[in-house]
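Colleague: Provided below are the primary sequence and the corresponding predicted coordinates.
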Amino acid sequence: MHGQGQGVRRGHLKFYVLRLLLDADLTGYGLMKAIEQDTGFWKPSTGSLYPLLSTMHDDGLIEETSERGGSPRWRITAEGRLTYEQAAEAKNELLHSMQRSLLVFSKVFGSVSLESFAERLDQWEKGRSDFQTLGPLFMDLHDALWALPPLSPQQEEKARDILEGAIVDLARLHPLSGGD
């Protein structure tokens, strides 16, 4: 899994580092472990992280703090915070653009599922802290459904029962439904 999608992740590693340094000063090793723990599968290599840290330092995005008897820690600078905020703003603009494009595409081709997806992009943009662990599970469910071979009518009915049961169980979590 470490090599899968590596090129895409390398392009985002700088912003991942900045996000992590918003919360704490970390060593290079600490950054690698935090990314691995956060993603659950990806640990950037020293060959990709350490040269990037050097470049980010040269660009004034991070600074090195001296650690007595230990490895140097990295701290985000004001320029690094500004760069991260600008990237977050660009992400929001990209999501809005994708949403508008999908809505138009869904209208042109009469795709209700695409229209529904486009409307939900707004929810993803706003985000929720409690979805840090639930969001990946939702995506795993999505992937599990797409990985199924074509289903027989009986299998489709069973899958529908499973999904509808999950929806009912989740609805019980809503305070107004009288759930736990």
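Modeller: Nice, I can see it. Numbering: from 1, shown residues only.
Colleague: ranking helices and strands of the protein by mean pLDDT, which lands last?
Modeller: helix 112-126 (a mean of 69; mean pLDDT, DSSP states H and E).
Colleague: what's the longest helix in this structure?
Modeller: Assignment by DSSP state H gives helix 78-109 as the longest helix of the chain.
Colleague: now for it, which elements pack on it?
Modeller: Judged by 3 or more CB pairs under 8 Å, 6 or more residues apart in numbering; DSSP states H and E, the packing partners of helix 78-109 are helix 6-23, helix 112-126. Placement of C-beta: from N, CA and C, glycine included.
Colleague: poorly predicted segments of this protein, please.
Modeller: Residues of the chain meeting the criterion pLDDT under 70: 1-11, 67-69, 120-129, 131-132, 135, 177-180.
Colleague: picking up where we left off before, could you list the buried residues of the longest helix of the chain?
Modeller: Within helix 78-109, the residues that count as buried by 16 or more other CB atoms under 10 Å are 80, 83-84, 99, 102-103, 106.
Colleague: tell me how far the helix or strand following the least confident helix or strand of the chain lies from the chain's centre.
Modeller: The C-terminal neighbour of helix 112-126 among helices and strands, as given by DSSP states H and E, is helix 131-147. Put simply, helix 131-147 sits 12 Å off its chain's centre (CA atoms, centre = their mean, to the nearest Å).
Colleague: can you check stretch 35-42 too?
Modeller: 11 Å.
Colleague: which residue packs closest to E64, ignoring adjacent ones?
Modeller: P72 (4.8 Å; CB to CB, 6 or more residues apart in numbering).
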